[in-house]
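Novice: sequence and computational prediction follow.
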Amino acid sequence: LASKQAAAVLTIIGGVFYLVGSVVGSIITALASDLTSLSSGFNPSNPGASSIPSISSIPNLSSSFSLAVLGFGALCGAVIIVGGALINSDNAGWRKGGGILALAAMVIGAVPDVGGLLIGFILILVGGILGLTYKPNEPDIRIGIVQAPQASSTMNSGSGTYCIKCGKQLHEGALFCKYCGSPVPQ
Ligand SMILES: [Zn+2]
């Protein structure tokens, strides 16, 4: 059942989980920085003085950081979905590129996307590897490469050069006949 369609679908669903993960990741980032700004804002010795700058400056930084997490995480999810679509291609090069793209974005986006809530990570890992290792059953470019040397070898034996003196078959590129020693005209 290891078809490229299945690999593509697994990767694309994994990419969607990464998109969801990017939202979760940005919320976690915002909550975590809110907690740190609250705890750092509270100064037991002088509560009034230190709480004012922390409220005005830190929330701005934290919201832009959680936005960056959201943006980068969403970008990784989008790249995974594109990679998944490429895995479904009939072109072996596109399939390989799509698999590499999805797996690379899976690793890079693992932290901001909270590993696609783990489900996405597993789906992309399986889908990406299936896409990379997929070999089509139908005649492909591979068979053309295998048949090419066979065709050329039969051509050589059929139209190979023969010694002009003794008539024995000569090796390809031979300068002298190995049977009678006469020079081979090049
Ligand atoms: Zn000869």
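Specialist: Thanks, I have the structure now. Numbers count the residues shown, from 1 in each chain.
Novice: tell me who's in contact with the spatially closest residue to residue 124 that is not a sequence neighbour.
Specialist: Nearest residue to residue 124, sequence neighbours excluded (Cβ to Cβ, 6 or more residues apart in numbering): residue 14, at 3.6 Å. (Glycine included, C-beta is placed from N, CA and C.) Residue 14 makes contact with 80, 84, 102, 106, 116, 119-125, 127, according to Cβ atoms under 8 Å, 6 or more residues apart in numbering.
Novice: what's the PyMOL syntax to select whichever of those are buried?
Specialist: Selection of buried members from these for PyMOL, criterion 16 or more other Cβ atoms under 10 Å:
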select buried, resi 80+84+102+106+116+120+121+123+124+125+127
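Novice: residue 36: which of the contacts of residue 14 is nearest?
Specialist: Taking Cβ to Cβ as the measure, residue 36 lies nearest residue 116 of the contacts of residue 14, at 25.6 Å.
Novice: where does the closest one land on pLDDT?
Specialist: With respect to pLDDT, residue 116 scores 95.
Novice: list the contacts for it?
Specialist: By Cβ under 8 Å, 6+ apart, the contact set of residue 116 is 14, 15, 17, 18, 20, 21, 77, 106, 109, 110, 123, 124.
Novice: and if you look at residue 104?
Specialist: Each residue near residue 104 by Cβ under 8 Å, 6+ apart is listed here: residue 79.
Novice: quick check: it is in a helix.
Specialist: Yes. Assessed by DSSP: H, G, I helix; E, B strand; the rest coil, residue 104 belongs to a helix.
Novice: how near is it to the ion?
Specialist: Going from residue 104 to the ion by Cβ to the ion, to the nearest Å gives 60 Å.
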